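Peer 1: sequence first, then the predicted structure, then my questions.
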Amino acid sequence: MTDVRLARTAAELAEDTRPHGLRAVVMTMGALHEGHAALIHAARAFVGPAGHVVVTVFVNPLQFGAGEDLDRYPRTLDADLAVSARAGADVVFAPSVDEVYPGGEPQVRITAGPTGAVLEGASRPGHFDGMLTVVAKLLHLTDPKVAFFGEKDAQQLALIRRMVRDLNFPVEIVGVPTVREPDGLARSSRNRYLSASEREIALSLGRALDAGAGRAADGAAAVRAAAVGVLRAVLEPDYVELVDPDDFTPVAADHAGPAILALAARVGTTRLIDNARLTITGVPRS
């Protein structure tokens, strides 16, 4: 375990003026778990012992819509500091809402564009605009050369990469594979809301992805149908889509090549998302 410094303001974040090698950032909303730890480990391995790893902990109000769980979203800073230290972070930047948005809600925001209006964007209008706005601000405040994000939030990762490319941010974006519980459930801060019976139902998300991936040799329609069949046996999904990895548009029926099988469902009061990256090798059989 390494010592980790807590910075609450941009001024405190800038206090350490010692020369560093590469700086990496891992952005989180706190309630850190092994999925976040994997991101921090990856950042530390990338920058090496001479590098600098910053973990941000900020529950961003701009990306929560009406009726979502902003107020009950877990705030566990002491535990987050411990996880960050064990995983190799140097600094945890945990600013207040007033520090990030000193003039109140910003009038100028990043717009996610067409990719931000489908799937999660359709289910949560404005979510990706708020996410990109805070990511842009935190990239400016932390000034990294590389930033690490989880592949579990695949649409978020695609949008961040697009923003960085379109707006010429001088930072490399690295995706880290999804970390799963031993039973296959994707790690998420929201898993703590699930009852024991709800958790059993939630395992159908991973089973649906496995079923879809198992039909990759039979074409896109077969992949989606297999995933839908597994999910609808136990719950009604918000969506199950097979999409292009770059812009999240649905792939054509005769598509061959990389794709993302993305799905979302509400289990009790908890909304969960998951995805699998796969390669379609077959075409529909006549």
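Peer 2: It's in.

Peer 1: contacts and neighbour counts: CA atoms only from here.
Peer 2: OK.

Peer 1: correct me if wrong: Leu70 contacts Gln63.
Peer 2: No. Counting by Cα atoms under 8 Å, Leu70 does not reach Gln63; the two are 9.1 Å apart.

Peer 1: compare those two (neighbour count), which wins?
Peer 2: Gln63 (19 against 15; other Cα atoms under 10 Å).

Peer 1: so that one touches His127, yeah?
Peer 2: Yes. Under the criterion of Cα under 8 Å, Gln63 makes contact with His127 at 4.3 Å.

Peer 1: now stretch 68-75, how far from the centre of its chain.
Peer 2: 17 Å (Cα atoms, centre = their mean, to the nearest Å).

Peer 1: now it: average pLDDT?
Peer 2: Average pLDDT, stretch 68-75: 81.

Peer 1: show residues contacting it.
Peer 2: 30-31, 59, 61, 64, 189 (Cα atoms under 8 Å, 6 or more residues apart in numbering).

Peer 1: same question for stretch 26-35.
Peer 2: 36, 39-40, 43, 53-60, 74-77, 79-80, 83, 135, 147-150, 178-180, 187-189.

Peer 1: can I get that stretch in CSV? Just the C-alpha atoms.
Peer 2: Extracted as CSV, the C-alpha positions of stretch 26-35 are listed here (Å, rounded to 0.1, in the frame of the first residue of the first chain):
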residue,chain,number,x,y,z
VAL,A,26,-8.9,7.5,-13.2
MET,A,27,-12.3,9.2,-12.9
THR,A,28,-14.9,7.8,-10.5
MET,A,29,-18.1,8.7,-8.6
GLY,A,30,-16.7,7.0,-5.5
ALA,A,31,-18.0,3.9,-3.8
LEU,A,32,-14.9,2.2,-5.2
HIS,A,33,-14.8,-1.5,-5.7
GLU,A,34,-12.5,-4.0,-7.4
GLY,A,35,-13.5,-2.7,-10.8
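
Peer 1: list the strands paired with whatever helix or strand Ala24 lives in, with their directions.
Peer 2: According to DSSP states H and E, Ala24 maps onto strand 23-28. Looking at strand 23-28 with DSSP bridges, its partner strands are strand 52-57 (parallel), strand 146-150 (parallel).

Peer 1: mind putting those into a markdown table with mean neighbour count and mean pLDDT?
Peer 2: Listed next are the strands paired with strand 23-28 as a markdown table, based on neighbours: other Cα atoms under 10 Å; pLDDT from 0 to 100:
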| stretch | mean neighbour count | mean pLDDT |
| --- | --- | --- |
| strand 52-57 | 26 | 97 |
| strand 146-150 | 22 | 98 |
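
Peer 1: would you turn those strands into CSV with distance to Ile110?
Peer 2: Shown next, in CSV, are the strands paired with strand 23-28 (distance: least, Cα to Cα, whole Å):
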stretch, distance to Ile110
strand 52-57, 19
strand 146-150, 18
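
Peer 1: Thr9: which of the ones you listed is closest?
Peer 2: Comparing those against Thr9 with Cα to Cα, the closest turns out to be strand 52-57 (11.3 Å).

Peer 1: which strands or helices does the very next helix or strand once past the closest one pack on?
Peer 2: Sequence-wise, the next helix or strand downstream of strand 52-57 (DSSP H and E) is helix 77-87. With contacts taken as 3 or more Cα pairs under 8 Å, 6 or more residues apart in numbering; DSSP states H and E, helix 77-87 sits against helix 34-47.

Peer 1: so how far is the helix it packs on off the chain centroid?
Peer 2: Worked out by Cα atoms, centre = their mean, helix 34-47 lies 14 Å from the chain centre.
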